[in-house]
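Engineer: Generate coordinates for the sequence data below:
(2 chains, ligands or ions: 2)
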Number of protein chains: 2
Amino acid sequence: QAKMKIRKPKWNIRASEMSRKTFNPIRAIVDSMNVEPNPSKNMIALSIGDPTIFGNLPTDDNVLQAMKEAIDSTKFNGYAPAIGYQKSREAVSNFYSCPEAPLDAKDVILTSGCSQAIELAIAVLCNPGQNILVPRPGFSLYKTLAVSMGIDVKLYNLLPEKSWEVDLKHLELLIDDKTGCIIVNNPSNPCGSVFSKSHLQKIIAVASRNCTPILADEIYAEMVFSGCKYTSVASLSTDVPILSCGGLAKRWLVPGWRMGWILIHDRKNVFGNEIREGLVRLSQRILGPCTIVQGALEAIINKTPQEFYVNTISFLKSNSDICYSALSTVAGLRPIKPSGAMYLMVGINMEHFPEFESDVDFTEKLIAEQSVFCLPATCFEYPNFFRIVVTVPEDMMLEACTRIKEFCEQHYHLHTDSIIQDIV
Amino acid sequence: QAKMKIRKPKWNIRASEMSRKTFNPIRAIVDSMNVEPNPSKNMIALSIGDPTIFGNLPTDDNVLQAMKEAIDSTKFNGYAPAIGYQKSREAVSNFYSCPEAPLDAKDVILTSGCSQAIELAIAVLCNPGQNILVPRPGFSLYKTLAVSMGIDVKLYNLLPEKSWEVDLKHLELLIDDKTGCIIVNNPSNPCGSVFSKSHLQKIIAVASRNCTPILADEIYAEMVFSGCKYTSVASLSTDVPILSCGGLAKRWLVPGWRMGWILIHDRKNVFGNEIREGLVRLSQRILGPCTIVQGALEAIINKTPQEFYVNTISFLKSNSDICYSALSTVAGLRPIKPSGAMYLMVGINMEHFPEFESDVDFTEKLIAEQSVFCLPATCFEYPNFFRIVVTVPEDMMLEACTRIKEFCEQHYHLHTDSIIQDIV
Ligand SMILES: Cc1ncc(COP(=O)(O)O)c(C=O)c1O
Ligand SMILES: Cc1ncc(COP(=O)(O)O)c(C=O)c1O
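Structural biologist: Ligands and ions are numbered 1, 2, ... in the order given. Sure thing, here's the model as predicted:
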């Protein structure tokens, strides 16, 4: 063989920039929390947004049955269209269609979880160098995905004193000519908040005035407590085009199955064919979610009894009431009452806990002393808060609250400023 | 409300460049083939690389059983680690580990199909502006993914006269200091070729000399006909780091289930932690494949009887023999004998078919007249060939060959050059 010029004389392989920029803040913060739980107390993890881990919230039997029937039929082993089976997309569109925001099978793209729905939605709407508007506090995946694609993230404030409503002025101020979309997450992770119809209308008005599409992360759709009503963003919009991302993960309690979807709402044809075709093309990269789940989807959606949803929600409400009441009595903490989803945010009055440098430090010591693990809200770009997941069994919830209370009592200091304030 | 400056006075939403650059040539070519099949003949599609569509190649009962047990256990409904359950990764590593290329659970990343395995492998190894080397003819996804990420594609030639071996000189000439990896697809789609051990060693030598990693697309691993032996690239390499991509799709005949994997082979620690961590980070974007399939994976891999694999292969060999023999007798065609996978490439001696402009034109007319659909190999960057999928039932295979023969006889012209050649 002829001698050839060696073009690369040495091994020198680096991971791509994109992989290095794919940064999950929760992982980074949690992995750096080098702390052992108190060996004399069993660990209670209130940190994981997975409703299945304690076994107290099983999915409905009809859901499992639908899966087994899909397997037995042997009709769902081959490739589906990249955007999903027509029938499965029809089932989703029928389920979510409403007079104000009608949907058709062609408006549905099935994805590998809501995560991929969000990925495709951002990827089709934004070029590198553009920006997206993301709630603070907010689910960390938005930033992880955007940054890895070279898209900037601008954080708009949610207001705890207004049950986490959007600071509308702040939102509008952040919009510029490079804004690709506004992400609206309702109900919210990590806040557990649910926007009223009129508040959603105001958000839509901002988007409309500024001709900016909305990416609605509605994975917790309908998961709202009694007395509160869920409204989809799309049902209120007449002109703003909306990509609504959802999936089976939370409402049907099967996050591992990775079934998500994008609902395309574009009644004024602002997206036009381009965005639709772009989404179809992007879906061809990895060819959609598991066909067994797709095959079961129609039955999952249509056969799950109303009772199942109601029971899930009343459990979540009961637990969140327990937690909110218990922590409301703890000096130095400020829980914000949730109205839906599976979370509750708790403010830490840091000046009363001078031993702790930050929410990360606070939650670390809470593990070390009380074996209770809550996520510091720095994970959601919101320091001085922590997030509690309310899907754990009731006795765990109670025990955890007792321990958090004990922890706070042991570390609470009356701060001079507040003494003065108390006097004044 | 205060009047605010309207930053975007008009709706003007364009699909991102990335989505516009995500281009599937098969879709583009097939969609532009505006042709009706002959209404008097039933359609025979030899075009789709999905072994399940005709129902003649069901997966093994143990595979279905494993899935149902995973569902019944209710242990696999929650989130798995983004790279997959430890147990499932262990099952894969045990299955593919061999003394020459040992694997451990930590060397396995589970993905949403082999397609996502390839996507992550390219995404971790290459930055925009770099290039990858891709076989011609070759599976179109490599280019689709690379181009959408701003990575260039250089095509290295496979040689039909040498049973589609790599033109090694051409391969080596294409390597430059921007080459991120060499993609080796063995057994091959669309060729059905299987590389010998010694040929693979020569490919590895090129990679080694030029310090370039290999992305081995081994989705058709072990799918080789009797008399031929499959060798994994990794089992022959001592220094070249290899990402081997595979999955359940083809060998277990369940492409819709979207279960794939990356096997990291890096015995000299050339990739180091960086590539491993990069892959982990990338996997966190959409959180892995469906947990039910993950939960079933150990049983699928370990309980599928040898007989099942043997039967699949002998069916594929029998059909490919039928097809090869039949088309070998057709003037103007040159089938290349395959040794594995599910495909057979057929050369079209275009000078004998002066009516047809191209392989696309040829296959279009074959649909119009004979209702037989083969993919023009322009889809694989290889004009003047077409690809036949040999997974169809035997009677269809026979009937299709008869029709192709008739079609060729009706359109064959003795070309002057070849007459002269025949005389000489
Ligand atoms: C707000 C929000 N969006 C999206 C997701 C991701 O959903 P999936 O598991 O379907 O990818 C989550 C998961 O926790 C979430 O909280
Ligand atoms: C060579 C090759 N690689 C990868 C794939 C994709 O496999 P999967 O369906 O697991 O994504 C295919 C599918 O046809 C293929 O032929």
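Engineer: where does chain A come near ligand 1, residue by residue?
Structural biologist: Neighbours of ligand 1 within chain A, by Cβ under 6 Å from any ligand atom: A:49, A:113-115, A:139, A:185, A:189, A:217, A:219, A:247, A:249, A:255, A:260. Yep, even glycine has a C-beta here, placed from its N, CA and C like the rest.
Engineer: try 5 Å
Structural biologist: Neighbours of ligand 1 within chain A, by Cβ under 5 Å from any ligand atom: A:G49, A:G113, A:C114, A:S115, A:F139, A:N189, A:D217, A:I219, A:G247, A:A249, A:P255, A:G260.
Engineer: out of these, which are inside helices?
Structural biologist: Those of the residues of chain A next to ligand 1 mapping onto helices are A:G113, A:C114, A:S115, per DSSP state H.
Engineer: right, is stretch A:276-285 up against ligand 2?
Structural biologist: No - using Cβ under 5 Å from any ligand atom, stretch A:276-285 never reaches ligand 2; the gap is at least 9.7 Å.
Engineer: how deep is the residue in the stretch 1-150 of chain A that ligand 2 sits nearest to tucked in, by neighbour count?
Structural biologist: Residue of the stretch 1-150 of chain A nearest ligand 2, by Cβ to the nearest ligand atom: A:Y79 (6.8 Å). When neighbours are counted by other Cβ atoms under 10 Å in any protein chain shown, A:Y79 registers 19.
Engineer: Helices of the stretch 1-150 of chain A, residue ranges please.
Structural biologist: Ranges of helices in the stretch 1-150 of chain A, per DSSP state H, counting those that start in this stretch, are A:17-21, A:25-32, A:61-73, A:86-96, A:113-125, A:141-148.
Engineer: where among the ones you listed is the average confidence lowest?
Structural biologist: Ranked by mean pLDDT, these end with helix A:25-32 at the bottom, a mean of 88.
Engineer: and the end-to-end length of stretch A:221-237?
Structural biologist: Taking Cα to Cα, to the nearest Å, stretch A:221-237 runs 17 Å from one end to the other.
Engineer: ignore the last one, stretch A:244-259
Structural biologist: For stretch A:244-259, the end-to-end distance is 14 Å (Cα to Cα).
Engineer: how distant is it from the center of its chain?
Structural biologist: Centroid separation for stretch A:244-259 versus its chain: 11 Å, with Cα atoms, centre = their mean, to the nearest Å.
Engineer: any idea of the mean pLDDT for that stretch?
Structural biologist: 98.
Engineer: Quick one: check it for contact with chain B.
Structural biologist: Yes - on the criterion Cβ under 8 Å from any Cβ of the partner chain, stretch A:244-259 is in touch with chain B at A:L253, A:V254, A:P255, A:G256, A:W257, A:R258, A:M259.
Engineer: Please name the residues that touch the closest residue to A:G247 other than its chain neighbours.
Structural biologist: Using Cβ to Cβ, 6 or more residues apart in numbering or on different chains and skipping the chain neighbours, the partner closest in space to A:G247 is A:G260 (3.4 Å). Contacts for A:G260 (Cβ atoms under 8 Å, 6 or more residues apart in numbering or on different chains) come out as A:110-117, A:219, A:245-249, A:289.
Engineer: For A:G260, give the beta-bridge partners.
Structural biologist: A:T111, A:G247 (DSSP bridges).
Engineer: So A:L141 is in contact with A:S115, correct?
Structural biologist: Yes - assessed by Cβ atoms under 8 Å, A:L141 is found in contact with A:S115 at 6.0 Å.
Engineer: Between these two, which has more neighbouring residues?
Structural biologist: Between A:L141 and A:S115, A:S115 has the larger neighbour count (other Cβ under 10 Å), namely 26 against 23.
Engineer: In contact with the residue lying closest to A:K154 once chain neighbours are set aside, which residues?
Structural biologist: Leaving aside its chain neighbours, A:K154 sits nearest to A:L174 (4.6 Å; criterion: Cβ to Cβ, 6+ apart). Counting by Cβ under 8 Å, 6+ apart, A:L174 makes contact with A:L133, A:K154, A:Y156.
Engineer: now do 10 Å
Structural biologist: By Cβ atoms under 10 Å, 6 or more residues apart in numbering or on different chains, the contact set of A:L174 is A:N131, A:L133, A:V134, A:K154, A:L155, A:Y156, A:N157, A:D167, A:I182, B:R7.
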